[in-house]
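J.: sequence and predicted structure are below.
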Amino acid sequence: MKKFVNNIDNILTESLSGFGKAHTDIIKINHAPDFIARANKSSKPKVSLISGGGSGHEPLHGGFVGYGMLDAACPGQVFSAPTPDQMEAAANEVHNEKGILFIVKNYSGDIMNFEMGADMIEHDHATIIVNDDVAVEDSTFTTGRRGVAGTMIVEKTVGSLAETGANLEECKNFGDHVNKMTGSMGVAFTSCTVPAAGKPTFDIAPNEMEFGVGIHGEPGRRREKIKSANELSKEIIETILDDIKPNKGEKVLMHVNGFGGTPLMELYLLFECGQKLLNEKNINVSRSIVGNYTTSLDMAGGSFTITKLDENIVEHWDSAVYTAALRWKM
Amino acid sequence: MMKGKNIFDSIEKIQNNIIDNKEEIERLDQQIGDGDHIFNILRGLEEISKLRESLIGEPIDKVFKQLGMKIMTTVGGSSGALFATLLIGMAKNYNSQSTDQENIAKMFYEGVEAMKKRGKSGSGEKTMLDVLIPVSEILCECKNEKNSKIVADKVKKVAEKSMLSTKDMLATKGRASFLGERSKGHIDPGARSSQLAIDAVCNQFIN
């Protein structure tokens, strides 16, 4: 393993400190319990959005704290859910008269720890569970689908709505709606290396890919031989479309997300493949975003996320945002 | 009567048993999870061991509660939430009038019930509960058995058998559930670490 490390036990603390110092105009860091909060609280009362999850997915979620998105983020250990005291402390720091909205990716550990955190606070609260990964079959008898790269889109749009002074219920319902309009699926060429483990999570041959991979290097739908970008894009996009079922001519947002180990050049190539496919199917890619937003440490690979757009979603996607990882119109 | 010292002695044995089998747990988790389980467990055990000096003279329920709080705030992940829930659930059900056997059976039963609720899970889902539920049941059956060696022997065997039974199960909860059919053929890492912990405690009575 070759990584930038001083002491393996301190990597998160050092990384968080650096993150805070690099963005003093946007965020501040609280240590023990760890959370990232906006440098300046909004002067107007608003619903406070708090997300979080295991580390290793940066810039998700800390990179999305700031005007127009989150009020705070709680980072856990690498790939491990944060602890309830982090959510409690973050909520007490950022609450601003209109309640707390937790945005949680659908993983058992995250759900349980956020529930325990929510039990510890006195403010009104609600939770949006993001489960956009169409690679996993949805079922009420299982943990169900994972929350992956679509989480950023939920955080951006609900964050924008919260800035308008909307109440807790409106924000929660809008988040559930955006989640429902969104589907994602990815493919990995390599595993990732959890720093404390020091070796890759799974073995994969040079000519193989993991199809439908998650964002923790956990295996996906199946292992197969590498295909051309056009072929694998087709398979991914058709699976997503089967799930979210857009109408002919419908406007969508297409997000190509890198997992951390794939150059932007390839991600844009993937966007080209996806754009062509949707065009052929008469689906209108009216908004787009390409980059490493929901990563899996150093895993090579990427995912497509497609969100069906209505006027509300477009308005809250386009609105001003000022965070470490996403900034426009400000 | 059970004392704080007994609990911390058990923790030391659990820690040793987990460390001795560290590679196996890590490998199982890499096969069907994401490889974080062993690090979370070891961090939790290290953190609660540090409480020995401050809690060794305290009443049992206070010890369990403080252990639960420590795990809740330092471990994270599913295992942190679940083990914290187990210990805090145990703490709430201690009765100073009961015998040790009665207390252990009752506390463990209620702790496991709290875990089931927290994890929205039960038997047969390829999780640590597949070990903890049968152990809770055998402890309840044995609550009037005075010979702790006999009880420990039964519990040890049940835990081992239950742990092995997770191998052929289909995971429907937790991260292994994303694998579907591919989760079969591997022992659940949480079931293995739970069994190793129970085994370490039982061995104190057997040897």
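T.: Arrived safely, thanks for sending. Residues are numbered from 1 along each chain as shown, chains lettered A, B, ... in the order given.
J.: C-alpha only now, for contacts and for neighbours.
T.: Noted.
J.: so what's the residue count around the residue of chain A found nearest chain B?
T.: As assessed by C-alpha to the nearest C-alpha, chain B sits closest to A:G109 within chain A, at 3.7 Å. Neighbour count of A:G109, defined by other C-alpha atoms under 10 Å in any protein chain shown: 27.
J.: can you give me the distance of it to A:Y322?
T.: 30 Å (C-alpha to C-alpha, to the nearest Å).
J.: for B:E145, same thing?
T.: Distance, B:E145 to A:Y322, using C-alpha to C-alpha: 66 Å.
J.: secondary structure element holding the nearest residue to A:E88 once chain neighbours are set aside?
T.: Spatially, and ignoring its direct neighbours in sequence, A:E88 is nearest to A:G117 (5.3 Å; C-alpha to C-alpha, 6 or more residues apart in numbering or on different chains). Under the criterion of DSSP states H and E, A:G117 resides in helix A:108-119.
J.: same thing with B:R43?
T.: Taking DSSP H and E as the definition, one finds B:R43 inside helix B:37-49.
J.: returning to what we had before: the residue of chain A closest to chain B against B:F83, yeah?
T.: No. Applying C-alpha atoms under 8 Å, one finds A:G109 not in contact with B:F83, separated by 11.7 Å.
J.: in terms of neighbours, single out the busier of B:E145 and A:Y322.
T.: Shown here are B:E145 and A:Y322; by other C-alpha under 10 Å, A:Y322 has more neighbours (18 against 13).
J.: list the residues that contact that one.
T.: By C-alpha atoms under 8 Å, 6 or more residues apart in numbering or on different chains, the contact list for A:Y322 reads A:I26, A:G66, A:Y67, A:G68, A:M69, A:W328, A:M330.
J.: ok, A:A91 next?
T.: A:S48, A:I50, A:I100, A:I121.
J.: what stretches of chain B score poorly on pLDDT?
T.: Scanning chain B for pLDDT under 70 picks out no residues.
J.: how about the strands in it?
T.: Counting by DSSP state E, chain B has no strands at all.
J.: show me where it has its helices.
T.: B:4-20, B:22-32, B:37-49, B:52-55, B:60-74, B:77-91, B:100-119, B:129-141, B:148-165, B:189-206 (DSSP state H).
J.: do the last one and chain A come into contact?
T.: No. Using C-alpha under 8 Å from any C-alpha of the partner chain, helix B:189-206 stays clear of chain A, coming no nearer than 12.8 Å.
J.: for that helix, name the packing helices and strands.
T.: Applying 3 or more C-alpha pairs under 8 Å, 6 or more residues apart in numbering or on different chains; DSSP states H and E, we find helix B:189-206 packed against helix B:4-20, helix B:22-32, helix B:129-141, helix B:148-165.
J.: would a markdown table of the ones you listed with mean neighbour count and distance to B:S121 be doable?
T.: As requested, these are exported to a markdown table (neighbours: other C-alpha atoms under 10 Å in any protein chain shown; distance: least, C-alpha to C-alpha, whole Å):
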| stretch | mean neighbour count | distance to B:S121 |
| --- | --- | --- |
| helix B:4-20 | 18 | 24 |
| helix B:22-32 | 20 | 18 |
| helix B:129-141 | 21 | 8 |
| helix B:148-165 | 19 | 16 |
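J.: who in the stretch 1-150 of chain A is up against chain B?
T.: A:54, A:76-85, A:107-110, A:112-113, A:116, A:136, A:141-146.
J.: filter the residues you listed to the buried ones?
T.: The neighbour count (16 or more other C-alpha atoms under 10 Å in any protein chain shown) marks A:54, A:76-85, A:107-110, A:112-113, A:116, A:136, A:142-146 as buried among those.
J.: where does pLDDT dip in chain A?
T.: For chain A (pLDDT under 70), the answer is A:138-142.
J.: need the contact list for the residue of chain B at minimum distance from chain A.
T.: Chain B approaches chain A most closely through B:S78 (3.7 Å), counting by C-alpha to the nearest C-alpha. Contacts for B:S78 (C-alpha under 8 Å, 6+ apart) come out as A:S80, A:A81, A:S108, A:G109, A:D110, A:M112, A:N113.
J.: at 10 Å what do you get?
T.: A:80-83, A:107-113, B:37, B:40, B:84, B:118-119, B:174-175, B:190 (C-alpha atoms under 10 Å, 6 or more residues apart in numbering or on different chains).
J.: cool, A:E170 as well?
T.: By C-alpha under 10 Å, 6+ apart, the contact set of A:E170 is A:V47, A:V158, A:L161, A:A162, A:D176.
J.: against B:V131, how distant is the second one?
T.: With distances taken as C-alpha to C-alpha, A:V158 is found 41 Å from B:V131.
J.: before we move on, the earlier item: against which helices or strands is the helix holding B:R43 packed?
T.: For helix B:37-49, the contact count by 3 or more C-alpha pairs under 10 Å, 6 or more residues apart in numbering or on different chains; DSSP states H and E identifies helix B:4-20, helix B:22-32, helix B:60-74, helix B:77-91, helix B:189-206 as packing neighbours.
J.: for it, buried residues please.
T.: Neighbour-count burial for helix B:37-49 flags B:H37, B:I38, B:F39, B:N40, B:I41, B:G44, B:L45, B:E47, B:I48 (criterion: 16+ other C-alpha under 10 Å).
J.: quick check: the first one touching B:D29?
T.: Pointing back at B:H37 there. Yes. Look at B:H37 against B:D29 with C-alpha atoms under 10 Å: they come within range, at 6.7 Å.
J.: any shared contact partners between the two?
T.: Contacts common to B:H37 and B:D29, judged by C-alpha under 10 Å, 6+ apart, are B:P189, B:G190.
J.: quick revisit: restricting to C-alpha, output the helix holding A:G117 in PDB.
T.: Presented in PDB, the C-alpha positions along helix A:108-119 are these (Å, rounded to 0.1, in the frame of the first residue of the first chain):
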ATOM      1  CA  SER A 108     -27.900  -0.700   8.200                       C
ATOM      2  CA  GLY A 109     -25.100   1.000  10.200                       C
ATOM      3  CA  ASP A 110     -25.900   4.500   9.100                       C
ATOM      4  CA  ILE A 111     -29.600   4.000   9.700                       C
ATOM      5  CA  MET A 112     -29.100   2.700  13.200                       C
ATOM      6  CA  ASN A 113     -26.600   5.300  14.300                       C
ATOM      7  CA  PHE A 114     -28.700   8.200  12.900                       C
ATOM      8  CA  GLU A 115     -31.800   6.800  14.600                       C
ATOM      9  CA  MET A 116     -29.900   6.600  17.900                       C
ATOM     10  CA  GLY A 117     -28.600  10.200  17.300                       C
ATOM     11  CA  ALA A 118     -32.100  11.400  16.500                       C
ATOM     12  CA  ASP A 119     -33.400   9.800  19.800                       C
END
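J.: and that helix with helix B:77-91, angle?
T.: Using axes from the mean of the first three to the mean of the last three C-alpha atoms, to 10 degrees, the direction of helix A:108-119 lies 50 degrees away from that of helix B:77-91.
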